[in-house]
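**Student:** What would the 3D arrangement of this be:
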Amino acid sequence: MDCIFCKIAQKEIPAEVIYEDDKLLAFKDISPAAPVHILFIPKEHIESANFLDDKHKDLIGHIFLKIKEIAEKLNIEDKGYRIVNNCGEFGGQTVNHLHFHLIAGRQMQWPPG
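**Tutor:** Numbers count the residues shown, from 1 in each chain. Next up, the predicted model:
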């Protein structure tokens, strides 16, 4: 498989890791959109949110709880942050591996401009 996020999870490509456990890897985005920009990826290859099913409920809950935990550690939980998941080509997904962006540290607008 030629998935860059799988290669990062398998330590074939280096990343600045923020958090890791047996299900999840969180690392700094190499092209940040804000002062805080961390990617959260499951270690299991899941192409996008379109490929989630009932067996992934615990994994997705785990990811969101870790996002909250990291936000607290970075002292951004009270200032505000965005959790973004892009799904599919027209949804802005550029890597076909499910991932969530934790973005904070600047005022953000929607839609992004």
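**Student:** Give me the longest helix you can find in the chain.
**Tutor:** Looking across the chain with DSSP state H, the single longest helix is helix 57-73.
**Student:** For it, which residues meet the burial criterion?
**Tutor:** Under the neighbour-count criterion of 16 or more other C-beta atoms under 10 Å, helix 57-73 has Leu59, Ile60, His62, Ile63, Lys66, Ile67, Ile70, Ala71 buried. The C-beta positions use only the backbone N, C-alpha and C, and glycine is treated the same way.
**Student:** Then stretch 16-23?
**Tutor:** Neighbour-count burial for stretch 16-23 [16+ other C-beta under 10 Å]: Ile18.
**Student:** got the CA coordinates for it in PDB?
**Tutor:** Only the C-alpha atoms of stretch 16-23 are listed here, as PDB (Å, rounded to 0.1, in the frame of the first residue of the first chain):
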ATOM      1  CA  GLU A  16       6.900  15.000  15.000                       C
ATOM      2  CA  VAL A  17       4.700  12.800  17.200                       C
ATOM      3  CA  ILE A  18       2.500  14.400  19.800                       C
ATOM      4  CA  TYR A  19       0.800  11.200  21.000                       C
ATOM      5  CA  GLU A  20       0.800   7.500  20.200                       C
ATOM      6  CA  ASP A  21      -0.900   4.400  21.400                       C
ATOM      7  CA  ASP A  22      -1.800   1.000  19.900                       C
ATOM      8  CA  LYS A  23      -4.800   2.500  17.900                       C
END
